[in-house]
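Peer 1: The sequence and its predicted three-dimensional model are supplied below.
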Amino acid sequence: MDSASQDINLNSPNKGLTSDSLSEVPAERGASGVTPETLPPGLTEEEAEELRLELTKVDEEIQTLRQVLLAKERHASELKRKLGLSPLSEFKQNISKGWQDVQTSNVYVRTAEKLGQWNEKITGCELYLSASATLDDITHSEVYKKTQETLSQAGQKTSAAFSTVGSAITRKLGDMRNSPTFKSFEDKVGNIKSKVVGGRPNGDGVQSPSESNPVQDKAPF
């Protein structure tokens, strides 16, 4: 027998067998992929076989549940589509439900109660009551009332002054337009305009100084 064909592992259960004989040895491995020699201490082969069968059954149940869950999710999506529930509306509903859950939570309730107690303590303390009384006294005092009346009168007087100034300016402009000086000036401007644009017929322009006063060819002397 060739030494190269022998099993070199001295601790192997197939020690001394050739490669031809090793191919005929059945592989007795369970679902967990462990051999009987590697079983945990205190576990028999019968118990290991039962556990393997139970594990296979649980794996099959998990796969079935996954398929059922996928079918349920598809059915739920179809129902939402028929009801017209968009992802945005579903998101709003989730936010609203989350806020309601927050308001009914123990932490939120305790915090609201604590804030209410603090508010009662603050509004019931002597400093707060004294400050409130002082503000009430100020608002009902004669000085405050006189100051408020003075400011109101000042505002009214300012508005009346602006209105009077505007009326005076408008009246003054009207008087200026109706004055003899303004009318005389307006008449002069109108005469100049008529002389400028009303010269020659057929759209002739204004005569230049050279045309109105031609240069004499010969001097008088």
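Peer 2: Everything's here; your move.
Peer 1: Please give the number of neighbouring residues around residue 144.
Peer 2: 12 (other CB atoms under 10 Å). For every residue, glycine as well, the C-beta is placed using N, CA and C.
Peer 1: From residue 145, how far out is the nearest residue to it once chain neighbours are set aside?
Peer 2: Once flanking residues are discounted, residue 144 sits nearest to residue 138: 5.6 Å by CB to CB, 6 or more residues apart in numbering. Separation of residue 138 from residue 145 (CB to CB, to the nearest Å): 10 Å.
Peer 1: returning to that earlier point: I'd like the distance between the residue nearest to residue 144 and residue 154.
Peer 2: Residue 138 is 20 Å from residue 154, by CB to CB.
Peer 1: and what of residue 192?
Peer 2: For residue 192, the distance to residue 154 - CB to CB - is 52 Å.
Peer 1: Please apply the same query to residue 137.
Peer 2: Counting by CB to CB, the gap from residue 137 to residue 154 is 25 Å.
Peer 1: Downstream of the lengthiest helix in the chain, the next helix or strand is which one?
Peer 2: Taking DSSP state H as the criterion, the chain has its longest helix at helix 45-83. Once the chain leaves helix 45-83, the next helix or strand it forms, by DSSP states H and E, is helix 87-103.
Peer 1: Let me see the mean pLDDT of that following helix.
Peer 2: On average, the pLDDT along helix 87-103 is 84.
Peer 1: how about the helices of this structure, start to end?
Peer 2: Under DSSP H, the chain gives helices at 19-22, 45-83, 87-103, 106-124, 126-139, 142-178, 180-197, 209-212.
Peer 1: Alpha carbons of the third one, as PDB, please.
Peer 2: What that stands for is helix 87-103. C-alpha atoms of helix 87-103 as PDB (Å, rounded to 0.1, in the frame of the first residue of the first chain):
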ATOM      1  CA  PRO A  87     -47.900  58.600   2.000                       C
ATOM      2  CA  LEU A  88     -48.200  62.300   3.000                       C
ATOM      3  CA  SER A  89     -51.600  61.800   4.700                       C
ATOM      4  CA  GLU A  90     -50.300  58.700   6.400                       C
ATOM      5  CA  PHE A  91     -47.300  60.700   7.600                       C
ATOM      6  CA  LYS A  92     -49.600  63.400   9.000                       C
ATOM      7  CA  GLN A  93     -51.700  60.800  10.800                       C
ATOM      8  CA  ASN A  94     -48.600  59.300  12.300                       C
ATOM      9  CA  ILE A  95     -47.500  62.700  13.600                       C
ATOM     10  CA  SER A  96     -50.900  63.500  15.000                       C
ATOM     11  CA  LYS A  97     -51.000  60.100  16.700                       C
ATOM     12  CA  GLY A  98     -47.500  60.500  18.000                       C
ATOM     13  CA  TRP A  99     -48.400  63.900  19.500                       C
ATOM     14  CA  GLN A 100     -51.400  62.500  21.200                       C
ATOM     15  CA  ASP A 101     -49.300  59.700  22.600                       C
ATOM     16  CA  VAL A 102     -46.900  62.400  23.900                       C
ATOM     17  CA  GLN A 103     -49.700  64.300  25.500                       C
END
